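> Below are the sequence and a predicted model for it; my questions follow.
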Amino acid sequence: MTETPVLASSYTFDPFAQHKFYHDVNQSLVHRAISRLDAAHPTGKPVRVVELASGTGAVTELILDELERLGRPGTVIGVEPSPEAIEIASARLESRGAKFVQGDADSLVAVAPNADAIFFCNAIHLVPDKRDAASKIASALAPNGFFACNSSFYQGAYAPGSERFYHLWTRRALGWLRKNHPGVRTSRTEKAMAMQWLAPEDYAQAFEATDLHVVEQVEETALMPLRAWQDIGRYWLFIEGALPGVPIPIGADALEHSAAEAMSELDITEVPRNWLQLVAQHNGH
Ligand SMILES: C[S@@+](CC[C@H](N)C(=O)[O-])C[C@H]1O[C@@H](n2cnc3c(N)ncnc32)[C@H](O)[C@@H]1O
């Protein structure tokens, strides 16, 4: 399970999750998956929806809205490793009937079995073994249940022409660190801003190997303004990936300043970013 650093409450995902493009891209996936779920169940039958990595509840809220819009009764359970995130999500959404429990893919079957749909949004890239996670998700799904996930960290996430922004952002962040905190070093400088990114077909393959059949795969482009890059740059989990080994408050300032510098130098006000959106269905046995 992911360790949450002490400073997590000041460097949350929440400001990023408030951006309109983020709402829109997630709503698109929620709409695709919940429409299928709704069509697969008789009118009025309650459904059981689980959201793995529910975080501070941005997608949970969209799921609740979509079920309500369709008049579909059901329960929504968020499973999330970070207690700080659970606290924020609970304060926001428990009054609407959502429940949040601490856990990850390993605990899914125990805490939220027999789900009609499982969502895993903007987090699957954080899991080192995708096939193992998919297999645990498949075990927690009811026969013919749906699995929906998305990520903007995959091979294809960089919209054509946007690479120069990432290169410059990294260079300027490292330069800012050298100038303002000469004693601070990243632990893997050459890997800054890099993670192990899978191609869409790798995801499909990992799912197929565990009785999950991809029924919908689309890529959607979001236009992200400067403030969004700065907000993701102030999220502790992103900082750990982008500037490994750098203290979170210093990394946050470095990424915030350098995003503004990079965009100003390139004379741009937004950078397009692609999201991979996948809906899969359990084979039913
Ligand atoms: C970028 S946030 C996404 C939150 C929400 N799903 C959304 O789409 O807005 C990533 C979330 O994944 C959680 N997380 C990190 N590693 C995880 C893991 N191995 N399994 C499940 N969740 C994880 C983090 O605690 C965090 O809440």
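Nice, thanks for sending it over. Residues are numbered from 1 along each chain as shown.

> give the contact list for the most centrally placed residue in the chain.
With distances taken as Cα atoms, centre = their mean, Asn122 lies nearest the centre of the chain, 1.3 Å away. Going by Cβ atoms under 8 Å, 6 or more residues apart in numbering, Asn122 touches 26, 53, 55, 59, 150-152. The way it works is simple: take the backbone N, C-alpha and C, and place the C-beta from them, glycine included.

> so what pLDDT did it get?
Confidence at Asn122, expressed as pLDDT, is 97.

> do you know how far it is from Ile250?
As judged by Cβ to Cβ, to the nearest Å, Asn122 and Ile250 stand 25 Å apart.

> same check, this time on His23
Here His23 is placed at a distance of 30 Å from Ile250 (Cβ to Cβ).

> shaky segments in the chain?
Judged against pLDDT under 70, the low-scoring parts of the chain cover residues 1-9, 188-195, 285.

> where do the strands sit along it?
Per DSSP state E, the chain carries strands over the ranges 47-52, 74-80, 99-102, 115-121, 141-151, 212-225, 270-282.

> Quick one: closest of these to the ligand.
The ligand lies closest, by Cβ to the nearest ligand atom, to one member of the strands of the chain: strand 115-121, at 3.4 Å.

> Next, the angle strand 270-282 makes with that closest one.
Angle of strand 115-121 versus strand 270-282, following axes from the mean of the first three to the mean of the last three Cα atoms, to 10 degrees, is 160 degrees.

> Return the list of strands paired to strand 115-121, each annotated with direction.
Applying DSSP bridges, strand 115-121 is found paired with strand 47-52 (parallel), strand 141-151 (parallel).

> Buried residues in it, which are they?
115-121 (16 or more other Cβ atoms under 10 Å).

> Next: stretch 129-143.
Across stretch 129-143, burial judged by 16+ other Cβ under 10 Å covers 130-131, 133-138, 140-142.

> same thing with stretch 225-245?
Going by 16+ other Cβ under 10 Å, stretch 225-245 has these buried residues: 225-244.

> For the chain, what lies in contact range of the ligand?
2, 13, 17, 26, 52-55, 58-59, 80-82, 85, 104-105, 121-123, 126-127 (Cβ under 6 Å from any ligand atom).

> just the CA coordinates of stretch 114-123, formatted as CSV?
Output of stretch 114-123 as CSV, limited to C-alpha atoms (Å, rounded to 0.1, in the frame of the first residue of the first chain):
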residue,chain,number,x,y,z
ASN,A,114,-19.5,-8.8,-5.9
ALA,A,115,-19.4,-5.4,-7.6
ASP,A,116,-21.5,-4.7,-10.6
ALA,A,117,-18.9,-2.1,-11.7
ILE,A,118,-15.5,-1.1,-10.5
PHE,A,119,-13.8,2.2,-11.4
PHE,A,120,-10.1,2.8,-11.2
CYS,A,121,-9.5,6.4,-12.4
ASN,A,122,-6.2,8.2,-12.8
ALA,A,123,-4.3,5.7,-10.7
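
> Show me how far that stretch is from its chain's centre.
12 Å (Cα atoms, centre = their mean, to the nearest Å).

> Spell out the residue ranges of the helices in the stretch 101-250 of the chain.
With DSSP state H, counting those that start in this stretch as the criterion, the stretch 101-250 of the chain has helices at 108-111, 130-140, 163-180, 200-208, 226-232, 236-242, 248-266.

> still on that earlier bit, from the residues of the chain next to the ligand, which would you call buried?
Judged by 16+ other Cβ under 10 Å, buried ones among the residues of the chain next to the ligand: 13, 17, 26, 52-55, 58-59, 80-82, 85, 104-105, 121-123, 126-127.
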